[in-house]
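1. Here is a sequence with its predicted model. Questions after.
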Amino acid sequence: MKQAFHTITVPTKGPGLYEFTDDAADFVRDAKIENGLLTCFVRHTSASLLIQENADPDVQKDLQDFFARLVKNGVDFRHTAEGPDDMPSHIRSALTQTSIGIPLRDGKAMLGTWQGLYLFEHRDAPHRREIMLHLIGE
Amino acid sequence: MKQAFHTITVPTKGPGLYEFTDDAADFVRDAKIENGLLTCFVRHTSASLLIQENADPDVQKDLQDFFARLVKNGVDFRHTAEGPDDMPSHIRSALTQTSIGIPLRDGKAMLGTWQGLYLFEHRDAPHRREIMLHLIGE
Amino acid sequence: MKQAFHTITVPTKGPGLYEFTDDAADFVRDAKIENGLLTCFVRHTSASLLIQENADPDVQKDLQDFFARLVKNGVDFRHTAEGPDDMPSHIRSALTQTSIGIPLRDGKAMLGTWQGLYLFEHRDAPHRREIMLHLIGE
């Protein structure tokens, strides 16, 4: 049994989905592990992870809009010291995912046909986000 | 250390929760791995995974109703080419889970007394959904 | 490759976030596994897991308030036999997470600077909650 680790850095420019499917695939190929488990983990509390449709870009815009409507910026929060979009970003992160585990067969993460891996940035200002990848298998 | 893989196919007939606790238990038993980690992964973006109460069937109906109210079909989305229930299904998936990891002791997934494993179908039309199971341990 | 298991019991006194970052760190240190994957799993359907900011306690209060507003107690549910806060608690659990996987490097879970591990209690009455920790690596 072997392990491999990798950190992906994603520069973001405001709210939205940033795909890292290809970066994860590159890591898996280089690790030379054929069968196992891939774990993606985001090291932030105002950005999150999502597996979503990678076919129609409108899906990503609709997702972003929905979360912006469900958790509106600047509305009635105690925690405002870091800006009106910080607390809503924590909540949008809580509503989505911090880690995702994906089985690996024959050297490929077993994503479905339409599944892509995304960082979901919730903050307005540009950020550099870190996603840690872990692979275990053989 | 050993690994095992299995794919469960769940035929769905409209929105709702479809339990696969027993299928997962069968897989674990057949794999002859006593202690480790079980990962469940759904290969779709309009159906998701959920661990919920398996005692009172009303819980499942209430869950389904809540998500139908929170993300209404056909309301103001860009992505409508695949039907008025497709984009809401992507959002309901984003709000729940794509993968779940469960520790395994003495040959059993360590689910709590009331916990059941469910596929959460969000679309109206019948579908065949795939859940990949991965087990690592010894 | 080695494994380790541990159960954390968290006594709760009503809705809110209960941090277990230090308990998880203690377990990791005692397990003497340097690099691998840590999985946290909650064995309940009316309490969940969350990684959130551990700097400003207001973040936790705002989170709790948001979920209380989004899923109000006692509103129009079928499942009411266990009290008006039970079904909302199942839904709040469904909206957050049951399991979280975190890569481990050099003997430390790779949490980001501001990330803390929390049990999110959704019920009003006191409970004893169990979180199972699993570690695999070497």
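-> Thanks, I have the structure now.
2. Quick check, the residue in chain A closest to chain C?
-> Using C-beta to the nearest C-beta, the closest approach of chain A to chain C is made by A:Arg43 at 3.3 Å. Every C-beta, even on glycine, is put in place using the N, C-alpha and C of the backbone.
3. what's the single longest helix in chain A?
-> helix A:57-70 (DSSP state H).
4. Against which helices or strands is that helix packed?
-> strand A:16-19, strand A:47-53, helix A:86-95, strand A:115-121, helix B:86-95 (3 or more C-beta pairs under 8 Å, 6 or more residues apart in numbering or on different chains; DSSP states H and E).
5. Pull up the residues of chain A that are close to chain C.
-> Contacts of chain A with chain C, taken as C-beta under 8 Å from any C-beta of the partner chain, map to A:1, A:3, A:5, A:37, A:39, A:41-45, A:70-71, A:77-79, A:81, A:87, A:90-91, A:93-95, A:97-99, A:101, A:130, A:132-134, A:136.
6. which of those residues count as buried?
-> Taking 16 or more other C-beta atoms under 10 Å in any protein chain shown as the criterion, what is buried in those is A:1, A:3, A:5, A:37, A:39, A:41-45, A:70-71, A:77, A:79, A:87, A:90-91, A:93-95, A:97-99, A:101, A:130, A:132-134, A:136.
7. Point out the residues in chain A that sit beside chain B.
-> For chain A, the residues in contact with chain B (C-beta under 8 Å from any C-beta) are A:1, A:35-37, A:50-53, A:56, A:58-59, A:61-63, A:66, A:70, A:95-97, A:100-103, A:105, A:110-112, A:114-115, A:136-138.
8. Now, of those, which are buried?
-> The neighbour-count criterion (16+ other C-beta under 10 Å) marks A:1, A:35-37, A:50-53, A:56, A:59, A:62-63, A:66, A:70, A:95-97, A:100-103, A:110-112, A:114-115, A:136-137 among the residues of chain A next to chain B as buried.
9. so what's whichever residue of chain A sits closest to chain B up against?
-> The minimum distance from chain A to chain B, using C-beta to the nearest C-beta, falls at A:Gly112 (3.3 Å). Listed by C-beta atoms under 8 Å, 6 or more residues apart in numbering or on different chains, the contact partners of A:Gly112 are B:42-45, B:130.
10. Over to it: give its phi and psi.
-> Dihedral pair for A:Gly112: phi -70, psi 170, per degrees, to the nearest 10.
11. Can you tell me the number of residues neighbouring A:Asp65?
-> A:Asp65 has 15 neighbours, counted by other C-beta atoms under 10 Å in any protein chain shown.
12. Need the per-residue pLDDT for it.
-> At A:Asp65, the predicted lDDT confidence score is 96.
13. Equivalent analysis for A:Ala55, please.
-> Model confidence at A:Ala55, expressed as pLDDT, equals 88.
14. Report the contact partners of A:Ala31.
-> Taking C-beta under 8 Å, 6+ apart, we find A:Ala31 in contact with A:2, A:4, A:6, A:135.
15. Kindly provide the distance from the closest residue to A:His79 other than its chain neighbours to C:Asp22.
-> Nearest in space to A:His79, with sequence neighbours left out and distances taken as C-beta to C-beta, 6 or more residues apart in numbering or on different chains, is C:Asp58 at 4.1 Å. For C:Asp58, the distance to C:Asp22 equals 21 Å [C-beta to C-beta, to the nearest Å].
16. Please apply the same query to A:Leu95.
-> Relative to C:Asp22, and taking C-beta to C-beta, A:Leu95 is found at 26 Å.
17. again with A:Val28
-> 33 Å.
18. cool, A:Met132 as well?
-> The value you get for A:Met132 to C:Asp22, if C-beta to C-beta is used, is 21 Å.
19. now A:Asp106
-> From A:Asp106 over to C:Asp22 the distance is 41 Å, taken as C-beta to C-beta.
20. Same question for A:Thr21.
-> Counting by C-beta to C-beta, the separation of A:Thr21 from C:Asp22 is 35 Å.
21. which one of the two has more residues nearby?
-> A:Thr21 (15 against 10).
22. Next, the contact list for that one, please.
-> Residues in contact with A:Thr21 (C-beta under 8 Å, 6+ apart) are A:54, A:111, A:116-117.
23. Out of those residues, grab the one that's most surrounded.
-> Among the contacts of A:Thr21, A:Leu117 has the most neighbours (other C-beta under 10 Å), with 28 neighbours.
24. pLDDT wise, what is the closest residue to that residue other than its chain neighbours at?
-> Distance criterion C-beta to C-beta, 6+ apart; nearest residue to A:Leu117, sequence neighbours excluded, is A:Thr21 at 4.6 Å. In the prediction, the pLDDT value recorded for A:Thr21 is 98.
25. go on, A:Asp76?
-> pLDDT, A:Asp76: 82.
26. any idea how far it is from C:Ala68?
-> 13 Å.
27. ok, those two, which is more surrounded?
-> The neighbour count for A:Asp76 versus C:Ala68, taken as other C-beta under 10 Å, is higher for C:Ala68 (15 against 11).
28. which SS class is A:Glu130?
-> Three-state assignment for A:Glu130 (DSSP: H, G, I helix; E, B strand; the rest coil): strand.
29. Quick check: the residue nearest to it when sequence neighbours are not counted vs C:Thr21, distance?
-> Distance criterion C-beta to C-beta, 6+ apart; nearest residue to A:Glu130, sequence neighbours excluded, is A:Arg43 at 4.6 Å. Note on A:Arg43: its distance to C:Thr21, by C-beta to C-beta, is 14 Å.
30. Need the residues touching each of these two.
-> By the contact definition C-beta under 8 Å, 6+ apart, A:Arg43 and C:Thr21 are jointly contacted by C:Leu111.
31. Just the residues contacting stretch A:3-16, thanks.
-> Contacts for stretch A:3-16 (C-beta under 8 Å, 6+ apart): A:18, A:20, A:23-24, A:27, A:30-31, A:33, A:47, A:60-61, A:64, A:68, A:119-136, C:35-36, C:103, C:105, C:137-138.
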